[in-house]
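Chemist: fold the following for me, if possible:
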Amino acid sequence: MNNVERAPEGEKAPLLSIIVPVYKVENYLPKCIDSILAQTFTDFELILVEDGSPDDCPALCDAAAEKDARVRIIHQKNGGLSAARNAGLDAARGAWIGFVDSDDYIAPEMYEVLYQAVQSTGADLALCDYAEVDEAGTPCPQMHVSLSGGELTGQELLKRASGLMVQLAWNKLYRRAIFTQLRYPEGKLNEDLFLIPEVCLQIQKAVVVPKALYYYVQRGGSIMSGNKTLRHFDAAEAAQRYWDCLVKNAAYDALANAAQYVMGCVSRIYRQLSPALRKAPRSREMLRMQFEVVDRTRRYCAVPGGLWLQSWLLWHFPQIYSWLRDMKG
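Modeler: Numbers count the residues shown, from 1 in each chain. Down below sits the predicted model:
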């Protein structure tokens, strides 16, 4: 059972709830917390979900709560990132929701800028750009495609959800009502991509702030940077579900990009697996799945011939495909 530090009875609810899952990040957590408490937008509660961390994180969380009344703590058994975010959502009191990963940090004006954006446009969600930095704060090469600023409908945002800037949970400000019936899938990697299509379907309007206000720290020991296992095919499963969502919502003009994204996910993960794992049933299933997605896409829109051929080769002759990709570099 969660051990939640409750807010005082009768206290006015904050406008914003910022949810931070915490697990094995004792070297990063202080900077993360400090960046949130330094926000120019001050009407918030910071919910630190301490997810059974075996290091000094529980004490760091408790110390933060002692220093600032806006900090609330949830101590719970380890359940993973999705379970921690869900616990934070269950406890949140704000009309707006934000997420920050505990090994990252944010610009002082992030939530003020995002809140002004939703207030001025009537949007249900605001998203900003982000900067990829190393552990020392030095900028890393940007690996994502940025969106230009402006307003988008939920359907338009859905069509762009193969891009990282849309997928990620933590570069956004959400109207709390979006999560009334939504929670992150527990036990899955790439939980952001599993949920973002459903988020898009819940909103009327989104607004893009084309400024990097979030600092995404690239570190060697993070969940997504280690050796690839069969679990990493969760990314491909999420991508397939995204493709299915586009079909169900007749967003056919985005299907070719989504199919290429599915195929790319499977290819990238497969080529980073050990030879033994490449022979596993799930690997074979993912190879078949990506081809079915690419092939079925031709029912709805034009698909580049090169994509179909690569997808077919990956399914039937994955070793040859991998060799050709390695040769190409």
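
Chemist: packing partners for the helix or strand residue 214 falls within?
Modeler: Per DSSP states H and E: residue 214 is located in strand 205-217. The contact analysis (3 or more C-beta pairs under 8 Å, 6 or more residues apart in numbering; DSSP states H and E) places strand 205-217 against strand 105-106, helix 110-121, strand 125-133, strand 150-153, helix 154-159. The C-beta positions use only the backbone N, C-alpha and C, and glycine is treated the same way.

Chemist: wait, a strand at residue 313?
Modeler: No. With DSSP: H, G, I helix; E, B strand; the rest coil as the criterion, residue 313 is assigned helix and is not in a strand.

Chemist: returning to what we had before: could you export the helices and strands packed on strand 205-217 as a markdown table, including distance to residue 37?
Modeler: Supplementary listing: the helices and strands packed on strand 205-217 in a markdown table, determined by distance: least, C-beta to C-beta, whole Å:
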| stretch | distance to residue 37 |
| --- | --- |
| strand 105-106 | 11 |
| helix 110-121 | 12 |
| strand 125-133 | 19 |
| strand 150-153 | 31 |
| helix 154-159 | 30 |
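
Chemist: to residue 36, which of these lies closest?
Modeler: Closest approach to residue 36 among the helices and strands packed on strand 205-217 is made by strand 105-106 (6.6 Å; C-beta to C-beta).

Chemist: any low-confidence regions in the stretch 151-300 of the chain?
Modeler: Applying pLDDT under 70 to the stretch 151-300 of the chain flags residues 220-226.

Chemist: what about the helices in it?
Modeler: For the stretch 151-300 of the chain, applying DSSP state H, counting those that start in this stretch gives helices covering 154-159, 164-167, 191-202, 234-248, 255-271, 275-278, 281-297.

Chemist: quick check: which of the ones you listed is nearest to residue 80?
Modeler: Across the helices of the stretch 151-300 of the chain, closest to residue 80 is helix 191-202 (C-beta to C-beta), at 8.5 Å.

Chemist: one step back: including mean neighbour count and distance to residue 210, could the helices and strands packed on strand 205-217 go into a markdown table?
Modeler: Listed next are those as a markdown table, based on neighbours: other C-beta atoms under 10 Å; distance: least, C-beta to C-beta, whole Å:
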| stretch | mean neighbour count | distance to residue 210 |
| --- | --- | --- |
| strand 105-106 | 22 | 16 |
| helix 110-121 | 19 | 11 |
| strand 125-133 | 22 | 6 |
| strand 150-153 | 15 | 8 |
| helix 154-159 | 20 | 15 |
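
Chemist: please name whichever of those is nearest to residue 61.
Modeler: Going by C-beta to C-beta, the one of these nearest residue 61 is strand 105-106, 16.1 Å.

Chemist: quick one: mean pLDDT over that closest one.
Modeler: Predicted confidence along strand 105-106 averages 98 (mean pLDDT).

Chemist: centre of the chain to it, how far?
Modeler: In terms of C-alpha atoms, centre = their mean, to the nearest Å, the centre of strand 105-106 is found 15 Å from the chain centre.

Chemist: what helices or strands is that strand leaning on?
Modeler: helix 29-37, strand 205-217.

Chemist: residue contacts, residue 243?
Modeler: Residues near residue 243 by C-beta atoms under 8 Å, 6 or more residues apart in numbering: 255, 258-259, 261-262, 293, 297.

Chemist: can you do 10 Å?
Modeler: 162, 197, 251, 254-255, 257-259, 261-262, 293-294, 296-297 (C-beta atoms under 10 Å, 6 or more residues apart in numbering).

Chemist: for residue 147, see how far away it is.
Modeler: Distance of residue 243 to residue 147, given as C-beta to C-beta, to the nearest Å: 20 Å.

Chemist: next one: residue 200
Modeler: Distance, residue 200 to residue 147, by C-beta to C-beta: 14 Å.

Chemist: between the two, which contacts overlap?
Modeler: 157, 160, 166.

Chemist: residue 107 - how many residues pack around it?
Modeler: 20 (other C-beta atoms under 10 Å).

Chemist: let me redo that: residue 228
Modeler: Residue 228: 16 neighbours (other C-beta under 10 Å).

Chemist: that one and residue 125, how far apart?
Modeler: From residue 228 to residue 125 the distance is 31 Å (C-beta to C-beta).

Chemist: quick revisit: so the strand holding residue 214 versus helix 110-121, what angle?
Modeler: Interaxial angle of strand 205-217 relative to helix 110-121 (axes from the mean of the first three to the mean of the last three C-alpha atoms, to 10 degrees): 170 degrees.

Chemist: buried residues in strand 205-217?
Modeler: Buried residues in strand 205-217, counted by 16 or more other C-beta atoms under 10 Å: 205-209, 211-217.

Chemist: same thing with stretch 250-266?
Modeler: For stretch 250-266, the neighbour count (16+ other C-beta under 10 Å) marks 251, 254-266 as buried.
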